[in-house]
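Asks: Sequence first, then the predicted structure:
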Amino acid sequence: MYDEDDLLPISALQHLAFCERQWALIHLEGAWAENRLTVEGHHLHDRAHRPETESRRDLRIARGLRLRSLRLGLSGIADVVEFHRIGNDSTAAGVSLSEVTGLWQPRPVEYKRGRPKLGPYDEIQLCAQALCLEEMLGISIPAGDLFYGEPRQRSEVVFSPDLREKTESLTARLHELTLSGKTPLARYEKKCDSCSLYELCLPKGLGRTHTVADYLFEAISQHEGKEP
């Protein structure tokens, strides 16, 4: 179990799953750079993170719900958590909500700009939200949804044993890297081209065999070799 002071942001898991160096630049070194993709993402999340609730017959919608897990050492804010009323004959696990009758099955929904990604980055972040909710509410949550802005449709994510294991393993890695306080060396991959931190990371200039000092020395040497 982690203390409150040791909780790390759920959103960091998405950065870490994408690239350990990107995660370190953002969460260890405080670096950030905006591009069109990040700006669109901010606008989408600003709307989703406004705390409010909404009722639609057998559906309750909570926006901006704060989450935490002392077991995993995570905290964050869910874009949306839907609570679906379950019938008496349902085998799904439910919770009681104030001011309404019956039992309700929670389902986290995360909003993302653009299209689904090739890697499981978004699925891991959503699963982490579900694990936090399970700990907070004391029930099992089988699935959630990712809503992508460009196709404007939902994609269901089933919280399978494999996805849960990946999420918990990455969470352990998150705490391990945070304690180390070290930024991994750069390594260029095709996905680097869409990263907003490309110019800060310098994945082609700072390879595994080069340090920042090496890169600066080479840049200065090249500059001094030019005619004024």
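Replies: Good, I have the coordinates.
Asks: per-residue pLDDT, Lys182?
Replies: Per-residue confidence (pLDDT) for Lys182: 92.
Asks: Over to Arg63?
Replies: 94.
Asks: From Leu133, how far out is it?
Replies: 14 Å (C-beta to C-beta, to the nearest Å). To be clear about C-beta, it is placed using only N, CA and C from the backbone, and glycine gets the same treatment.
Asks: okay, these two: which has more neighbours?
Replies: More crowded of Arg63 and Leu133, by other C-beta atoms under 10 Å: Leu133, with 24 against 18.
Asks: Moving C-terminal from the helix or strand hosting the more buried one, which element do we reach first?
Replies: Using DSSP states H and E, Leu133 sits within helix 121-137. Where DSSP H and E defines the elements, the next helix or strand beyond helix 121-137 is strand 143-148.
Asks: partner strands of that next one, parallel or antiparallel?
Replies: According to DSSP bridges, strand 143-148 forms sheet pairs with strand 103-112 (parallel), strand 153-158 (antiparallel).
Asks: Domain parsing of the protein, as residue ranges.
Replies: 4-182, 185-228 (automatic domain parsing).
Asks: which residues in the chain form strands?
Replies: Remark: strands assigned in the chain by DSSP state E are 8-9, 52-56, 59-69, 74-86, 103-112, 143-148, 153-158.
Asks: Just the terminal-to-terminal distance for stretch 195-205.
Replies: 15 Å (C-alpha to C-alpha, to the nearest Å).
Asks: Just want the angle from the helix holding Leu133 to strand 143-148.
Replies: 140 degrees (axes from the mean of the first three to the mean of the last three C-alpha atoms, to 10 degrees).
Asks: Helix 121-137 - what's its average pLDDT?
Replies: Mean pLDDT, helix 121-137: 97.
Asks: Output the contacting helices and strands for that helix.
Replies: Other helices and strands packing on helix 121-137, by 3 or more C-beta pairs under 8 Å, 6 or more residues apart in numbering; DSSP states H and E, are helix 11-18, strand 59-69, strand 74-86, strand 103-112, strand 143-148, strand 153-158, helix 161-180.
Asks: outside of it, which residues touch it?
Replies: 10-11, 13-14, 17-18, 67-72, 74-76, 78, 81, 95, 106, 108, 110, 112, 116, 140-141, 144-146, 157, 159, 163-164, 166-168, 170-171 (C-beta atoms under 8 Å, 6 or more residues apart in numbering).
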